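[1] I need the structure of the sequence given here:
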Amino acid sequence: MREATEADARAIADMVRERSRWLAERGLGECAAAADEFGAQAAHPDIPVWVLEHQEHGVVGCTTVMRESALPRWGFTDEERAEPSLFLTTSFTRPNPYRLGRLLAWWALDRAASDNVRWVRRGTAQEPLSRYYRREQGWQLLRVAELPEAKVHLLQRRAEPVPELPDLMSGVGL
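    Numbering: from 1, shown residues only. Predicted structure coming up:
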């Protein structure tokens, strides 16, 4: 994992388009229209985008990692917004058999723990993705926020060290 740079914009956009096709083939929506916007975030100084880079395949995942001040008021209480936390937004991976999204989450949990941050939080408007996060990755559903355009599932996990992360990042045990 490394911080994204402007040079990653195209690779991120291409990855989002590839994921969008994968989602559409499964009837899970699509996000291709926003691919260039997500890619451009890599060059924005106020948007901390991180990329998962493979030695041979380049950028295979990305996530934006904000702090508790970025938690939306419509989704989190004042008390939750005051707690030290990381907030994952716009996470994508190339379609793959290795569950790279889970690797992104473990990286965030480990990073938060090493920074003495209590929570890692995230949200999704995709109910199937929310179920996957809870069932397969151990996230807890905090609440569902009903917005005019979508129901957003807000989730959290307590930060914790992931001692096997260096091996997982090198592909061992994936």
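[2] any idea how far Ser69 lies from Ile47?
    The gap separating Ser69 from Ile47 is 14 Å, by CB to CB, to the nearest Å. Heads up, the C-betas are built off the backbone N, CA and C, glycines and all.
[3] which one's more surrounded, these two?
    Between Ser69 and Ile47, counting by other CB atoms under 10 Å, Ile47 is the more crowded of the two (17 against 9).
[4] so which helix or strand takes in the more buried one?
    Ile47 belongs to no helix or strand when assigned by DSSP states H and E.
[5] which ones are touching it?
    41, 64 (CB atoms under 8 Å, 6 or more residues apart in numbering).
[6] just the one 5 residues further on next, same as before
    The neighbours of Leu52, taking CB under 8 Å, 6+ apart as the test, are 1, 59-62, 93, 100, 103-104, 107.
[7] farthest-apart pair in the residues you listed, please.
    In terms of CB to CB, these reach their longest pairwise distance at Val59 and Trp107, which sit 14.5 Å apart.
[8] number of nearby residues for Glu56?
    Neighbours of Glu56 (other CB under 10 Å): 5.
[9] got it, and Thr90?
    With neighbours defined by other CB under 10 Å, the count for Thr90 comes to 16.
[10] distance of it from Gly123?
    11 Å.
[11] let me see the mean pLDDT of the longest helix along the chain.
    With DSSP state H setting the assignment, residue counts place helix 9-25 as the longest helix in the chain. Helix 9-25 carries an average pLDDT of 93.
[12] got it, and stretch 70-89?
    Stretch 70-89 carries an average pLDDT of 94.
[13] quick one: distance of it to the chain centre.
    Here stretch 70-89 is found 15 Å from its chain centre; the criterion is CA atoms, centre = their mean, to the nearest Å.
[14] list the contacts of that stretch.
    Residues outside stretch 70-89 that contact it (CB under 8 Å, 6+ apart) are 63-69, 104-105, 108, 111-112, 116-123, 142-143, 145, 147, 152, 154, 156, 159.
[15] ditto for stretch 131-146
    Identification of contacts with stretch 131-146 by CB under 8 Å, 6+ apart yields 74-76, 80, 99, 102, 105, 121-124, 130, 151-157.
[16] next step: those residues restricted to strands.
    121-124, 151-157 (DSSP state E).
[17] show me what contacts the closest residue to His57 other than its chain neighbours?
    Nearest residue to His57, sequence neighbours excluded (CB to CB, 6 or more residues apart in numbering): Arg94, at 7.5 Å. Applying CB under 8 Å, 6+ apart to Arg94 gives the contacts 15, 18-19, 57, 60-61, 100.
[18] now with 10 Å?
    Contact analysis of Arg94 by CB atoms under 10 Å, 6 or more residues apart in numbering lists 11, 14-16, 18-19, 22, 52, 54, 57-62, 100.
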